[in-house]
Structure formats: structure tokens, C-alpha cells
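*Asks:* the following comprises the amino acid sequence and a computationally predicted model.
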Amino acid sequence: MVLSAASFCMMTVFVKLAGYTLPTIQIVFVRGLFTLVMTGFFIYRDKIEPFGNNRNLLIARGITGTIALLLVYESIKRFPLSEATVIQYLYPLFTAIIASVLISEVISKRIVIGILCGFFGVFSLLDFPLLSGNSLELESIVIAISGSFLTGLAYVLVRKSTKMGEHPLVIMFYFPLFTVPVCLPFLFSNWEHPSVMTWFYLLLTGIFTQFGQLFLTYGYKELPATKAAPISYIQVLFAAVIGILFFDEYINLNFIIGSVLVLFSIIMVMSKNSLTK
């Protein structure tokens, strides 16, 4: 899960760089196409049945993951890298709630308190934007939090799929299987010709995505969703450092307070006392 977080952090860096000149839909399409080809190759090489046994579940994972990806990439373009990452990493809190409903990973009142603390942390991080009355800002917040929620749902579906015996590569395969055709109709009106450097950014986005998805899927195979998801929060630390070093971003007091609150909420979620044995 730590390797997955590191890979996804590098992915967000190159998404942000590519996003300076390319629309979100184009970045998502190229990423999906890369993952589809690479995962399909390994499935073919290992002679794995590509469509699995629990197809309705896998289809739900593919659709949910695709919508989440579009929203998350859009939020990366709208916010500084560190802030976009913190909002995205509310997903462990959503994961805990959804896992309790879908796969009976029971949570306690301690986790509920942690979830509320996490939401307050995000509002502090963004200077309480929902109270500002700025419609554009509100729209961006809704996009970012919706992406986080659907990410949590997608990862619970990953966990449920692995518990039902689906191969990790098959679970990965269903993601781009929907991402590519969903994005394709929108490319004709949004396509921008990438420069050589931008193609390089897109290639690295695909490579780090492949590693991130691979490590993540195996991580959810080994750990309960409520424990696996919060480990990925270490990506926030990676993103903050990279944002400072490469994007001239700065961390103000509200960001520190918000990050501490969200981190505290994650610790509460991870606490052994929070999980029913």
C-alpha cells in the first residue's frame, strides 16, 4: 500500500504537468488506454480469463472507478497538488462507511467521530470555502469530494472482488475497459495535440498508474478495506514535499491544521479499538 501511494503520488505530478496544456478527458483516455494494453498483455501472457466470474460486480467497479478518475483528475487541475491530494484522501473515511454497508466490516462510534473530524479538516485546509459564497469554488469542492467518495466505493468493490476470488489483473482490467470507451466520444471536440514533452508526461502517468493499481489491488487482497485505505494517506506527505519543491506551492497555517485533523481522523479509523474483531 505504501508503494501504491508513492506511485500514485508520482502519477498526480505528471497529471498536473500534462493538465497545463491538455483537457482532463484526454489525460484520462491516454491513461486508460495504457492500462488497458499493459494489463491485457499480462492477462494474455498468463492465460487468465479476462472477464472473471462475478461480472456485475466487476462492471460496477469499472464504472465507479472511471467516474471517480474523471472527477479526481479535474480536481488536481483546479487545486494545488497538496490540497487536491488531501481532499482525495478523504476516501479512507468513505471506504470505512461503505465497507460497513457492503462487506460487513463493522465500524464503531470512534470511526464516526474520526470521519466528522476529517471533514472539518478539509474545510480548514481550504479556508472554509463552502461559507464563502463563491460558486466556482463550491463547484470545485463538490467535484473533489465526489471523486473521493467514488474512489472509496471503487476500492471497496476491489476488496469485495478479491474476496470472491477474482484475479487482481482481472479487477484492474475492468477499470480501463470502461474508461476508454467512455472517454472516446468526447475526444473529437476536446483533443489537443500534445508536445513531445507532454507525451512524455502522459507516458509516465500511465507507467506510475500501472504500478499504483497493481500494488493497490494486491494490498486490498491482503488487508481489510478499513485498514488498507488509510495506509495510503502517506501520499499526502509525498505530495506536500513535491508541491513545495517543483510547483512553488506553499503550506499555510490552515493547510497544516487541516492536514493534522485529517491525519488524526485516519489514526482513529486505523485504531484497533475502532474495529470489531
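*Replies:* Arrived safely.

*Asks:* which ones are touching the most centrally placed residue in the chain?
*Replies:* Residue closest to the average C-alpha location in the chain (Cα atoms, centre = their mean): T151, at 5.3 Å. The contact partners of T151, by Cβ atoms under 8 Å, 6 or more residues apart in numbering, come to 65, 68, 72, 88, 91, 94. (Each C-beta comes from the backbone N, C-alpha and C, glycine too.)

*Asks:* from those, which single one is nearest E222?
*Replies:* Using Cβ to Cβ, Y91 is the member of the contacts of T151 that lies nearest E222, at 18.6 Å.

*Asks:* distance of the residue of the chain most remote from its centre from H167?
*Replies:* Distance from the C-alpha centroid of the chain peaks at K47, with 28.9 Å (Cα atoms, centre = their mean). Look at K47 and H167: by Cβ to Cβ, to the nearest Å, they are 11 Å apart.

*Asks:* follow-up on the earlier one: okay, the residue nearest to the centre of the chain: pLDDT?
*Replies:* Predicted confidence (pLDDT) for T151: 91.

*Asks:* what's near enough to touch F215?
*Replies:* The contact partners of F215, taken as Cβ under 8 Å, 6+ apart, are 1, 3-4, 7.

*Asks:* what's the helix or strand encompassing V37 in contact with?
*Replies:* Per DSSP states H and E, V37 falls inside helix 24-45. By Cβ under 8 Å, 6+ apart, the residues outside helix 24-45 that reach it are 15, 18-19, 50, 66, 69-70, 73-74, 77, 169-170, 172-173, 175-177, 179-180, 183-184, 186-187, 190-192, 202-203, 205-207, 209-210, 213.

*Asks:* give me the buried subset of those.
*Replies:* Neighbour counting with 16 or more other Cβ atoms under 10 Å marks 15, 18-19, 66, 69-70, 73-74, 77, 169-170, 172-173, 175-177, 179-180, 183, 186, 202, 205-207, 209-210, 213 as buried within the contacts of helix 24-45.

*Asks:* still on that earlier bit, am I right that the residue farthest from the centre of the chain sits in a strand?
*Replies:* No: assigned with DSSP: H, G, I helix; E, B strand; the rest coil, K47 falls outside any strand and is coil.

*Asks:* what about I231, neighbour count?
*Replies:* By other Cβ atoms under 10 Å, 17 other residues sit near I231.

*Asks:* with F200 instead?
*Replies:* A count of nearby residues for F200, using other Cβ under 10 Å, gives 14.

*Asks:* all the helices of the stretch 1-150 of the chain, residue numbers only.
*Replies:* Ranges of helices in the stretch 1-150 of the chain, per DSSP state H, counting those that start in this stretch, are 2-18, 24-45, 55-78, 81-88, 91-102, 109-125, 135-163.

*Asks:* most tightly surrounded among the ones you listed?
*Replies:* Among the helices of the stretch 1-150 of the chain, the stretch with the highest mean neighbour count (mean count of other Cβ atoms under 10 Å) is helix 81-88, at a mean of 25.

*Asks:* now the contacts of F215 in TSV, with pLDDT?
*Replies:* Output for those, formatted as TSV (pLDDT from 0 to 100):
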residue	pLDDT
M1	82
L3	90
S4	90
S7	91
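
*Asks:* can you redo those residues as TSV with distance to R31?
*Replies:* As requested, those are exported to TSV (distance: Cβ to Cβ, whole Å):
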residue	distance to R31
M1	21
L3	19
S4	16
S7	13
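
*Asks:* so which pair among those residues is furthest apart in space?
*Replies:* Longest span within the contacts of F215, Cβ to Cβ: M1 and S7, 10.6 Å.

*Asks:* just for this protein, where's the confidence low?
*Replies:* Under the criterion pLDDT under 70, the flagged ranges of the chain are 81-82, 126-127, 129-137, 230, 233, 236-237, 269-277.

*Asks:* circling back: list phi and psi for the residue farthest from the centre of the chain.
*Replies:* phi 50, psi 50 (degrees, to the nearest 10).

*Asks:* again, but for the one 4 residues further on
*Replies:* In this entry, F51 is assigned phi and psi values of phi -100, psi 0 (degrees, to the nearest 10).

*Asks:* all set, thanks.
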